[in-house]
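[1] Output the structure for:
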Amino acid sequence: MAQKKSVFQKMTVLVMAVTLALSLMPAFALAEEAAKTEEAVFQHWNEDAPALNALISYVEAVTDENSPDYIPKEDRIAVFDLDGTLMCETYPFCFEYMVFADYALKHADQMPADVLAVAQEIVDAAGKAKPDGMSTRQAAAAAVAYQGMTMDQLAQIVRDFKDSEAWGFTGMKRGEAYYKPMLEVFDALLANDFTVYIVTATERNIVRAVIEGTLDIPPSHVIGTEYGYTSTNQGGTADTDYTFQPSDQVVFDGNYYGENAKMSKVDAIVREIGQQPVLAFGNSSGDLAMEIYTISNNPYRSAAFMVAADDEVRDYGNAEKAEGLREKWESLGCHVISMANDWKTIYGEDVAKTGEFHQPEVPAPVNAEENAAPEAEMESSEETGSVQYVLYLGTNDKDTNKPVFTQAEAIQRTKEILLKHFGGYTIQEAHGGWIDNGIEYQEYTLVIYLSDTTLDAVHAAADEMIETFRQSSVLIQANPTKTEFYSAQPGTAGSNIPLKDNAEEAEYQIKVAMQYLLEKAWGDKVNDARIYVEKVYTSEEEQADVLLKSLNLGLDEVAFAVCYELHPAEGVDIHEFLAGTGEYDEESGWVKDKTAVGILRPNAEGEPAYVITEFGTGF
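    Got it, this is the predicted structure:
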């Protein structure tokens, strides 16, 4: 027994500083001293916690050179998720969400409207359930918000935010919101020669700054979601064509490359660690792939642990939900850690749950009119200061997550509501997606812009939209704006810029025309479509070079290459959509990577303004 317990002598060095005394003890005394050591190391755990005892037994076995389960030091790899596993994710959401929302709202005058909408959505949801699809929307918006920053600049934003109040608790700052029992586990594994990694869905540079001073691992041991990078002098040059210059700095480029969750965590472990872990710790469905990978076909004895958020007194857990997850996790071979039953404390005795989430004091957005440089007065123009309302209307049923109408019907119903309430409309189409309980959902979303109206009128229209589209809510954003009605001066070209000279407008019109074309071609046979414009050929020379012939395009005509994906309706023959390069993904239900080229021309018949002709896999 003394030999078995002796592996915790290393913890004794950290906690009791009695290395010399232990080395002089007779063998029969080691067991008693080791028991004291365990108690000191795991002082925030209940002694009868099943998961803790399973972990202690595991570590003892794999670190004992005389044990058949012994694992060499170089192969002792442990991986931890971060939010909800090592630190709080209920104040009211994980650190990454809150630092983004705080930064974006405090710099509202520098943020695009869609980024601000996501930040406000996070703040408005405080104390409620996390909005569906928020992980993807937040990460994409944050990538834009941090565009142009260096890694050090983002780290400083994180450090400053760590010093702010943890919403929903007293006596705790955000940077202190770690689960004390799990910190003991983390330190104990390091003391027993485990190499430890954080594998998280949070962006890795944020995590590196978050764990400073708390988790003693190098920055290279943090694996997370990826934002894109560029250098300050690179411009639009591709990475493969650019050489870093002495005056360059590496900055975020505004791109987001997908959440590091589920199978992506396994991919990252294989790619960046290059070894199968022997220990894994998580808390959600986003961690299960990593957990199961760790304990499946492992050449060494391995174990997986899941933290159950079941404490409704000291934290914002859900005991009923956690009990259902416990059964699932245990059936997969994971040990379950109960926050309510296994831990003496979560954040420390001086920290208390309040049940209240205070809204931050956000500076009012800077008035663009007040800060604009003086400009010459324009003839035949009229300027007004007003508020623009932006509405984000989802079209999936709130209960079934399925579209209430076809996309064409959704547009038509929305137009009718807007004409009824405002006498006109401006609508932009958008597509969103999220994963809930392992199921991927897609939603066709309409972004509506309203000016020269009142909030009461907007609410009245939103009430009708909520009822018509079976929504729980409609996101409304109010933005101070300056409106100018401008008439071109005699002899000028006005605003009629040819599409071949305006790639951004051409891309938008291509998407609108493609959506119309797909709905016309397949109608109810398709639930949803994703459209990606790969290239707009905006010069005759480029068009002739790429398409291998002169197209003799008119003034307002462009050629393009496009990729689109379709989600066939239930019961529709998939083979109907597999012409050309289409491939069916059975798991997601999407027909992917259909590519084609075409020509966009003005529509003489009216709406839509542009139509696609000569469409196919080539000209």
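[2] give the contact list for Glu226.
    Glu226 makes contact with 203-204, 256-258, 260 under the criterion Cβ atoms under 8 Å, 6 or more residues apart in numbering. For the C-beta atoms, the positions are set from N, CA and C on the backbone; glycine is no exception.
[3] now swap in Asn341 and tell me
    46, 49, 310.
[4] Now it. Its backbone dihedrals?
    Reported as degrees, to the nearest 10, the phi and psi values for Asn341 are phi -100, psi -20.
[5] Report pLDDT for Ile439.
    pLDDT for Ile439: 70.
[6] Can you get me a residue count around it?
    Applying other Cβ atoms under 10 Å, we find 9 residues neighbouring Ile439.
[7] Who does it form a beta bridge with?
    Taking DSSP bridges as the rule, Ile439 bridges to Asp436.
[8] Distance check, it against Trp45.
    Distance from Ile439 to Trp45, counting by Cβ to Cβ, to the nearest Å: 35 Å.
[9] circling back: closest to Val526 out of the contacts of Asn341?
    Using Cβ to Cβ, Asp310 is the member of the contacts of Asn341 that sits closest to Val526, with 42.4 Å.
[10] give the contact list for the nearest residue to the closest one once chain neighbours are set aside.
    Nearest residue to Asp310 in three dimensions, chain neighbours excluded: Ala322, at 3.6 Å (Cβ to Cβ, 6 or more residues apart in numbering). Listed by Cβ under 8 Å, 6+ apart, the contact set of Ala322 reads 308-310, 338.
[11] Check Thr170 too.
    When contacts are counted by Cβ under 8 Å, 6+ apart, Thr170 is found next to 351-352, 354.
[12] Kindly reformat those residues as CSV containing secondary structure and neighbour count.
    Listed next are the contacts of Thr170 as CSV, based on DSSP: H, G, I helix; E, B strand; the rest coil; neighbours: other Cβ atoms under 10 Å:
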residue, secondary structure, neighbour count
Val351, coil, 19
Ala352, strand, 13
Thr354, coil, 12
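[13] ok, so of these, who is nearest Ala408?
    Thr354 (48.7 Å).
[14] is it true that the closest one touches Gly168?
    Yes. Assessed by Cβ atoms under 8 Å, Thr354 is found in contact with Gly168 at 5.8 Å.
[15] give me the number of residues near Gly571?
    So Gly571, with other Cβ under 10 Å, has 6 neighbours.
[16] before we move on, what about Ser284?
    Counted with other Cβ under 10 Å, the neighbours of Ser284 add up to 18.
[17] Equivalent analysis for Lys592, please.
    Using other Cβ under 10 Å, Lys592 is surrounded by 16 other residues.
[18] Skip the chain neighbours and tell me the closest residue to it.
    Glu565 (4.9 Å).
[19] Okay, and the beta partners of that neighbour?
    Arg530.
[20] quick one: average pLDDT of the longest helix along the chain?
    If you go by DSSP state H, the chain has its longest helix at helix 503-522. Computed over helix 503-522, the mean pLDDT rounds to 77.
[21] which parts of that helix are buried?
    503, 506-519, 522 (16 or more other Cβ atoms under 10 Å).
[22] Pick out the most distant pair among the residues you listed.
    Ala503 and Trp522 (28.1 Å).
[23] residues in contact with Gly394?
    Contacts of Gly394 (Cβ under 8 Å, 6+ apart): 432, 443, 445, 469, 471.
[24] Repeat that for Lys128.
    Pro92.
[25] confidence score at it?
    Value listed for Lys128 in the pLDDT field: 81.
[26] can you pull out the strands in the stretch 151-300 of the chain?
    Using DSSP state E, counting those that start in this stretch, the strands of the stretch 151-300 of the chain run over 169-170, 195-203, 222-225, 227-231, 250-256, 279-282.
[27] low-scoring stretches of the stretch 301-450 of the chain, by residue?
    Applying pLDDT under 70 to the stretch 301-450 of the chain picks out residues 358-386, 434-438, 440.
[28] Tell me the helix or strand right after whatever helix or strand the residue nearest to Asp310 lives in.
    Ala322 is part of helix 319-331 when elements are defined by DSSP states H and E. Going down the chain from helix 319-331, the next helix or strand is strand 335-338, by DSSP H and E.
[29] CA atoms of that following strand as CSV?
    Extracted C-alpha coordinates of strand 335-338, given in CSV (Å, rounded to 0.1, in the frame of the first residue of the first chain):
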residue,chain,number,x,y,z
HIS,A,335,-16.6,9.3,-15.5
VAL,A,336,-19.0,12.1,-14.4
ILE,A,337,-17.9,14.9,-12.1
SER,A,338,-20.9,16.4,-10.2
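[30] contact partners of it?
    Against strand 335-338 from outside (Cβ under 8 Å, 6+ apart): 49-52, 54-55, 303-308, 310, 322, 326, 329-330.
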